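Participant: Return atomic coordinates for the entry below.
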Amino acid sequence: MNTQARNQLKRRAVFLDRDGVINAKLPEDRYVGYASEFTFLPGVIQALRTFEKLGYLRVVVTNQRGIGRGLMTEEQLMAVHDYMNRELEKRGVKLDAVYYCPHDECENCACRKPQPGMILEAAHDLDIDPASSYMVGDSPADIGAGSRAGTRTVRIAEEADDTADLVFPNLIAFATFLESRADEADQPEHVS
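Facilitator: Okay, here's the model as predicted:
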């Protein structure tokens, strides 16, 4: 099978940063270490449902340097992610995978965004074609990771960002955009 045919068989995904995209961020230098600190942002549940309906895997890729800095443990992070997944399941939504980097910036690892390690690992593990996928995040590091991994990039921000392929104020706005493009593709062509 040639490479082009093989890539057509691969799946597509929406890679999602967590803090600031799925849940509310805490103030600078504070990390969501407890379920009581985790709050879904408005529209996230509906956006995840839309991605699923459109055939995109939902994969979280999140830097969690609070672990590397000794401000939280991996067990705390796992408990937060368990809570997030349980709350999503209660609402009939699921994530396909969660990848995290526990390292601090000074460790120069290959997984910490803006490096593409988490995206590339997920693409390998889940048979995802990065070129057919999106990386969605609220920081330049997210956009850098997506660009390096070969995905299209989406910045969640109120201001313009010429480094990202697309910019939306929140996740639901991006999901609505994808849904409208899918609806347009389903329309029959008019012949005059």
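Participant: isn't residue 157 right up against residue 166?
Facilitator: No - Residue 157 is not in contact with residue 166 according to Cβ atoms under 8 Å; the separation is 10.7 Å. Placement of C-beta: from N, CA and C, glycine included.
Participant: Check this protein for its longest strand and report it.
Facilitator: Longest strand in the chain by number of residues (criterion: DSSP state E): strand 56-63.
Participant: Could you list the residues in contact with that strand?
Facilitator: Under the contact criterion Cβ atoms under 8 Å, 6 or more residues apart in numbering, strand 56-63 has outside partners 11-19, 22, 48, 51-52, 94-101, 112-113, 118-119, 122, 126, 128, 133-135, 141, 145, 178.
Participant: number of nearby residues for residue 37?
Facilitator: Summarising burial for residue 37: neighbours were counted as other Cβ atoms under 10 Å, giving 14.
Participant: Low-confidence regions, the chain specifically.
Facilitator: 1-9, 185-192 (pLDDT under 70).
Participant: partners of the longest strand of the chain in the sheet?
Facilitator: The sheet places strand 56-63 alongside strand 12-16 (parallel), strand 97-101 (parallel), with pairing taken from DSSP bridges.
Participant: can I get the CA coordinates of the helix or strand that it is followed by in CSV?
Facilitator: Note on strand 56-63: by DSSP states H and E, the next helix or strand toward the C-terminus is helix 65-68. Extracted as CSV, the C-alpha positions of helix 65-68 are listed here (Å, rounded to 0.1, in the frame of the first residue of the first chain):
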residue,chain,number,x,y,z
ARG,A,65,4.8,21.5,34.9
GLY,A,66,3.4,21.8,38.4
ILE,A,67,4.6,18.2,38.8
GLY,A,68,8.1,19.0,37.7
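Participant: between the helix or strand just after helix 65-68 and strand 56-63, how many degrees?
Facilitator: Next in sequence after helix 65-68, counting helices and strands by DSSP H and E, comes helix 74-90. What separates the directions of helix 74-90 and strand 56-63 is an angle of 160 degrees, with axes from the mean of the first three to the mean of the last three Cα atoms, to 10 degrees.
Participant: what about stretch 171-183, distance to the chain center?
Facilitator: Distance of stretch 171-183 from its chain centroid, counting by Cα atoms, centre = their mean, to the nearest Å, is 15 Å.
Participant: neighbouring contacts of it?
Facilitator: For stretch 171-183, the external contacting residues (Cβ under 8 Å, 6+ apart) are 16, 21-22, 41-44, 46-48, 50-51, 53-54, 56, 134, 136, 154, 156, 166, 168.
Participant: how about the strands in the protein?
Facilitator: Listed in chain order, the strands found in the chain under DSSP E are 12-16, 56-63, 97-101, 134-137, 152-156, 166-168.
Participant: Buried deepest among these, which one?
Facilitator: Looking across these with neighbours counted as mean count of other Cβ atoms under 10 Å, the highest average goes to strand 134-137: a mean of 28.
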